[in-house]
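In: Let's see this in three dimensions:
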Amino acid sequence: MQFGRRVNRDNNSCVNGSTKVRCTSKCYIRVPMKIRFSYIVSCCLLAFCVATLSPAFSQDQSWDQLTKEGTAAWQSGDFNIAEQNFSAAAKLAETFAPNDPRQATAFNNLGLAYDGLNKNGEAESAFKQALDLKQKAEKPDYKSINTTLNNLAQLYRKQRKFSDAEGIYRQTVANAEKDSGPESGAVAVCLNNLVVALNDQKKLPEAEEVLERVLTIAQKTLSPDNPELTVPLENLAVVYRQEQKFDDAIPLYKQSLAIREKALGPNHQSVGVTLTNLARVYRELGKFEDAEPLLKQALSIIQNATPKDDRATSIAISNLATLYREEAKYTEAQELLQQLLDMRKKVFGPDSREVAETLTDMASLMVDQGNYQQAEPLLNQAIAVMQKSEGAESAEAAKAMNNLEELYRLQGRYDESAQLLQQVLNIRIKTLGPDDPITMETLNDMGLIYRQQGKPNQAEQFFKQALAARQTSSQASPAEVANSMQNLARQLASEGKFPEAEDLYKKTIDMREKLFGPNDLRLDASLRNYAVLLRDMGRSKDAETIETRSKQIENKIAPEDTGPKIEDSEPPTALPPSPDKPPQ
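Out: This next block holds a predicted model:
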C-alpha cells in the first residue's frame, strides 16, 4: 500500500474530466486533472437518418421510425430495446440499394447498442460491417468513416486492447488529413484521441510529440487569448508532468491560467481546475507551501461557481485533504476527510464507490500516524461497501482488498497477506486479464511477499511469471520489464544462482541506461546490486569497478547525500519508506 506521503506513481484514466491518481496509499484519489483528451464516442446515431429520409416510401418511414425509437432507447440507457430497433433497421436496410448509406448507419448504431450491452464481439463485428460499407462507397465520406472508427477504438479501449485502439486512431488522423488538410481542427481532435491510446500504454515520448503538434495547430488557428487554447496547453502539461518534466509543465499551466482568468473571469470553475493542476506539479516537487494556497483557492472557486455540484466540491476537498496528509497536517486532513465522508454518504449513498474511496483515504491517514488498529476496520468497511457497490469479484473490490492486504504486510502478517493477495490476483486475472499492468504488478507483489517469508521457490516462480508477462505484453513499459528483471535477479542471487542473476543484472543495467540515461538513481540501484553479486562471486576487482561507477552517479545527483541507498527497483508495495525505497 506504500502508506507514505510521497506520490510514487500514477495510474491515470480520464473520468469526467478527472484523473485517478495513484497515491502511495494505493487509494485512488480523484484529482480533477484537466486532461480532456477528446473522446469521440458514438457520434453518428443520426448521421445519415435525417439526410436520407424519403417520406414517400413506406420502407423509408419504417426505417426512420425504427432508428428514431432505437436512438431514444439508446440515449435513455435501454440498450436491449435499442438493440431490437437497430437490428430490425439493419435487416430492413439490407433491402435497400447496395450503395444506400443507411446500411452503414444501421450497423454502426447496432454496434453501439451491442457495446452498451457489453456484447463486445457483436459490437466489433457490427462496427466493421459499417466500416466496410462506408469504405466501399464511390466517394468515401472520411468524417463518417472516422465516426465509426472512433466507436471501434473506444470499444477496444474498453477491452484494454490499447495497441489496437492506437492503430485505429492513427487511421482517423490519416483520414482527417486527407479530408481537411494536415493543420485542420479535425486533425487536432483525431490527434488528441490518439494521445489517449498512447497514454494508456505509457508511451509518453510519443504522446508528447503528438501533443506538441496539436498545440502548434491550435496556435496557428486560434488567437493567443482564446480559452480553447488552454485545452492543448494543459494536455501537453499533463504529459510533461508524467515525464517529470516539471519545468516544462509549470509555464504551460501558468499560461493556461492567465488565459482563463482573462477570458472567463478569476472565479470560473475552469480556473479552479487549472489551479488544481498547477498545485499537483508543486505537490510532486515537494513544494507543499506553493501547492496549498492554490488548492484552497480552487476549493473556494468550485464551491462558489458550482454550489449544487457536490461531486466537484468533493473532489476539491479530497485534493486538499491529500495535501494536508502529505504535509503531515493530520488534524486538518482528518477534519476534511470526515466532512468528505458525510458529504459523499449524503450525495452518493452509504454504499457508493465514493464512500469506499473516502474510507480508504481515512485508513491511509491512520497508517501514516502508525494507528494500524484504527486503519483495519476502515479498510474492512471499504471492502464491504465496494463489494456491494461494484460486485464481490469486481476490479474495484480487488483494489479495496489489496489495500487491506498491504496493511497486513506492513504489520508483518505475511500469511494473511499472501492469502488475501492470491484472492486479489485471481479476481484481477478474471476481470482485467493476465496481461493487464495491474495483474502483472500483483504477480510481482506475490513474489515479494514470498521473499519476505523466506520461501524462495514460490518467490522465484512469481517473479518469473511477472517478467514473462511483462516481456510479452504490449501494455508493459520497458521500465517495468527492467523492474521485473531486477527483482528476479536479486531473488536468484539470494539463492546462489549467480550466473543467471549476473545475466539479468547486465540486461537490467543496459536497459536502464538506455531508458533513463547514465546518471539515474534507478541505474545506480542496479549497479550496486550487481556489485554485491560480484563480491559474492569472489570477483572483487570487477565489483570495485562497478562501485566506482555507482559512486559517480550518486555524486552527480546528490553529492551531499549520505543516507540510505536504493536496493529494490520495485519494492514490496506495503513497505514504508526504507533503504529499499526507489525513486519512481
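
In: Show me where the stretch 301-450 of the chain has its helices.
Out: 310-326, 330-348, 353-368, 372-390, 395-410, 414-431, 437-452 (DSSP state H, counting those that start in this stretch).

In: okay, these in TSV with mean neighbour count and distance to residue 267 next?
Out: (Glycine included, C-beta is placed from N, CA and C.) What follows is the helices of the stretch 301-450 of the chain, written out as TSV (neighbours: other CB atoms under 10 Å; distance: least, CB to CB, whole Å):
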stretch	mean neighbour count	distance to residue 267
helix 310-326	23	14
helix 330-348	17	22
helix 353-368	25	26
helix 372-390	19	34
helix 395-410	24	35
helix 414-431	18	42
helix 437-452	23	39
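
In: Redo those helices as a markdown table? Include mean pLDDT.
Out: As requested, these are arranged in a markdown table below (pLDDT from 0 to 100):
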| stretch | mean pLDDT |
| --- | --- |
| helix 310-326 | 91 |
| helix 330-348 | 94 |
| helix 353-368 | 95 |
| helix 372-390 | 96 |
| helix 395-410 | 95 |
| helix 414-431 | 95 |
| helix 437-452 | 94 |
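
In: Could you save those helices as a markdown table and add columns showing distance to residue 236?
Out: Conversion of the helices of the stretch 301-450 of the chain to a markdown table gives the following (distance: least, CB to CB, whole Å):
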| stretch | distance to residue 236 |
| --- | --- |
| helix 310-326 | 22 |
| helix 330-348 | 31 |
| helix 353-368 | 29 |
| helix 372-390 | 34 |
| helix 395-410 | 30 |
| helix 414-431 | 32 |
| helix 437-452 | 24 |
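
In: out of the ones you listed, nearest to residue 232?
Out: Nearest of the helices of the stretch 301-450 of the chain to residue 232, taken as CB to CB: helix 310-326 at 22.9 Å.

In: helices and strands around the closest one, which ones?
Out: strand 28-31, helix 269-284, helix 288-305, helix 330-348, helix 353-368 (3 or more CB pairs under 8 Å, 6 or more residues apart in numbering; DSSP states H and E).

In: now the angle from the longest one to helix 353-368?
Out: Interaxial angle of helix 330-348 relative to helix 353-368 (axes from the mean of the first three to the mean of the last three CA atoms, to 10 degrees): 170 degrees.

In: For helix 330-348, output the C-alpha coordinates as PDB.
Out: As requested, the backbone C-alpha atoms of helix 330-348 are provided in PDB (Å, rounded to 0.1, in the frame of the first residue of the first chain):
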ATOM      1  CA  TYR A 330      -3.100  15.100  10.200                       C
ATOM      2  CA  THR A 331      -5.700  17.000  12.200                       C
ATOM      3  CA  GLU A 332      -6.700  19.200   9.300                       C
ATOM      4  CA  ALA A 333      -6.700  16.200   7.000                       C
ATOM      5  CA  GLN A 334      -8.900  14.200   9.300                       C
ATOM      6  CA  GLU A 335     -11.400  17.000   9.600                       C
ATOM      7  CA  LEU A 336     -11.700  17.400   5.800                       C
ATOM      8  CA  LEU A 337     -12.000  13.600   5.300                       C
ATOM      9  CA  GLN A 338     -14.800  13.400   7.800                       C
ATOM     10  CA  GLN A 339     -16.500  16.300   6.100                       C
ATOM     11  CA  LEU A 340     -16.000  14.500   2.800                       C
ATOM     12  CA  LEU A 341     -17.300  11.200   4.100                       C
ATOM     13  CA  ASP A 342     -20.500  12.800   5.400                       C
ATOM     14  CA  MET A 343     -21.000  14.600   2.100                       C
ATOM     15  CA  ARG A 344     -20.500  11.500  -0.100                       C
ATOM     16  CA  LYS A 345     -22.800   9.400   2.000                       C
ATOM     17  CA  LYS A 346     -25.500  12.000   1.500                       C
ATOM     18  CA  VAL A 347     -24.900  12.700  -2.200                       C
ATOM     19  CA  PHE A 348     -23.900   9.200  -3.500                       C
END
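
In: For that helix, give me every contacting residue.
Out: Outside of helix 330-348, the residues within contact range by CB atoms under 8 Å, 6 or more residues apart in numbering are 310-311, 313-314, 317-318, 320-322, 324-325, 352, 354-355, 358-359, 361-362, 365, 368-369.

In: now with 6 Å?
Out: By CB atoms under 6 Å, 6 or more residues apart in numbering, the list of residues contacting helix 330-348 from outside reads 310, 314, 317-318, 321, 324-325, 354-355, 358, 361-362, 365, 369.

In: quick one: low-confidence ranges for the chain?
Out: By pLDDT under 70, the weakly predicted segments of the chain are 1-61, 557-584.

In: Please repeat the previous calculation with a cut-off of 50.
Out: Regions of the chain meeting the criterion pLDDT under 50 cover residues 1-57, 559-584.

In: picking that back up, of the helices of the stretch 301-450 of the chain, give the one that comes closest to residue 187.
Out: Distances from residue 187 to each of these were compared by CB to CB, and the smallest falls on helix 437-452, at 30.1 Å.

In: what's the angle from that closest one to helix 414-431?
Out: On the basis of the same axes, to 10 degrees, helix 437-452 is oriented at 160 degrees to helix 414-431.

In: quick one: the closest residue to residue 252 other than its chain neighbours from residue 73, how far?
Out: The shortest distance from residue 252 to any residue that is not its chain neighbour, by CB to CB, 6 or more residues apart in numbering, is 3.9 Å, and that residue is residue 237. If you measure residue 237 against residue 73 using CB to CB, to the nearest Å, the figure is 40 Å.

In: Which one's more surrounded, those two?
Out: Under the criterion of other CB atoms under 10 Å, the comparison of residue 237 against residue 73 puts residue 237 first, with 30 against 20.

In: Name all residues that make contact with the more buried one.
Out: Neighbour list for residue 237: 249, 252, 253 [criterion: CB under 6 Å, 6+ apart].

In: Would you mind measuring from the first one to residue 238?
Out: Residue 249 is 8 Å from residue 238, where distance means CB to CB.

In: what does residue 426 give?
Out: The gap separating residue 426 from residue 238 is 34 Å, by CB to CB.

In: re the thing from before, and residue 249 and residue 238? Which one has more around it.
Out: Comparing residue 249 with residue 238 by neighbour count (other CB under 10 Å), the higher total belongs to residue 238, at 29 against 24.
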